[in-house]
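Q: I need the structure of the sequence given here:
(chains A, B and C)
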Amino acid sequence: MIRLVCINELYQLLWEEYGPQHWWPAQSNFEIMVGAVLTQNTAWRNVEHALTNLKQARVLTPERILATPQHELSELLRPSGCYNVKAHRLRALCQWLVDNGGHAYLNCRSTRELRDALLSVHGVGEETADAIILYAFERPVFVVDAYTKRLLSRVGLIQGKEKYLTLQSLVAEQLGPNTVDFNEFHALIVEHVKRSCQKVPRCRECQIRHRCSYPVKTTQA
DNA sequence: ACCCAGGGTCATA
DNA sequence: TATGACCATGGG
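A: Numbering: from 1, shown residues only, chains lettered A, B, ... in the order given. All right, here's what the predicted structure looks like:
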């Protein structure tokens, strides 16, 4: 088990190994928000299928999604799984955008106001809200996901039982409130997990069932 | 056939 | 506060 001294060291190692990730992959801010909802507990590959469906149906705007019947929307979202739930959540997000004048008008609000408003939208939790704030609104908010928690725990930087906001402020303290670094760090963590454990169903060293998150430059021996 | 994925909500204790 | 069920497709 490799142990690291600080979060900056982990960030630096990941950066050296993988380089810039150019997140979030999307053609518009709205597409980022849609993707953030669709990717909940879902592999990104499946989300891409659903996004393609929405584009081909020419419905990738808040107004057009709201004008699309529920069952039709569900069918377009089918490849991303949980499609009935996500159709409902996507509608809630679109309604919120329309009610608040869209991205441009919302962008005048403070980051905290944005976060609170997003959290009040049905289907938007802390991680989804922060992903939207960081990648669509480009505000310095770090996105804490399960990978982050697991990786920081593995390398001995946290205990593992910390709450979301605790981890978020921990990263912010060490990296400094920087949108670019928050963007890259989160993307690098996700990319690292994807790449490092693609063909490792079970790790010998840590005996974790499926994908393990070693720091870079360590193999499964 | 099982496990998980770029989570969140809701019911229960 | 803290688990557990549920959503549901697609790839390993």
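Q: May I have the secondary structure class of the nearest residue to A:Gly156 once chain neighbours are set aside?
A: Nearest residue to A:Gly156, sequence neighbours excluded (C-beta to C-beta, 6 or more residues apart in numbering): A:Arg3, at 4.0 Å. To be clear about C-beta, it is placed using only N, CA and C from the backbone, and glycine gets the same treatment. Recorded secondary structure, A:Arg3: coil (DSSP: H, G, I helix; E, B strand; the rest coil).
Q: Give the next helix or strand downstream of the helix or strand that contains A:Glu75.
A: Assigned by DSSP states H and E, A:Glu75 belongs to helix A:70-77. Proceeding N to C from helix A:70-77, the next assigned helix or strand is helix A:83-99, under DSSP H and E.
Q: Name the residues of whichever helix or strand comes after that following helix that are buried.
A: Going down the chain from helix A:83-99, the next helix or strand is helix A:102-106, by DSSP H and E. Within helix A:102-106, the residues that count as buried by 16 or more other C-beta atoms under 10 Å are A:103, A:106.
Q: What of stretch A:56-71?
A: Of the residues in stretch A:56-71, those buried (16+ other C-beta under 10 Å) are A:59-62, A:65, A:68.
Q: Just the ones of those in helices?
A: Judged by DSSP state H, the subset of those located in helices is A:62, A:65.
Q: can you put the buried residues of stretch A:56-71 in TSV and add distance to A:Tyr18 and pLDDT?
A: Shown next, in TSV, are those (distance: C-beta to C-beta, whole Å; pLDDT from 0 to 100):
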residue	distance to A:Tyr18	pLDDT
A:Val59	34	98
A:Leu60	29	98
A:Thr61	34	98
A:Pro62	34	98
A:Ile65	34	98
A:Thr68	38	98
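Q: got the buried residues of stretch A:56-71 as JSON lines, with distance to DNA strand C columns?
A: Shown next, in JSON lines, are those (distance: C-beta to the nearest atom of the strand, whole Å):
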{"residue": "A:Val59", "distance to DNA strand C": "18"}
{"residue": "A:Leu60", "distance to DNA strand C": "19"}
{"residue": "A:Thr61", "distance to DNA strand C": "23"}
{"residue": "A:Pro62", "distance to DNA strand C": "21"}
{"residue": "A:Ile65", "distance to DNA strand C": "16"}
{"residue": "A:Thr68", "distance to DNA strand C": "16"}
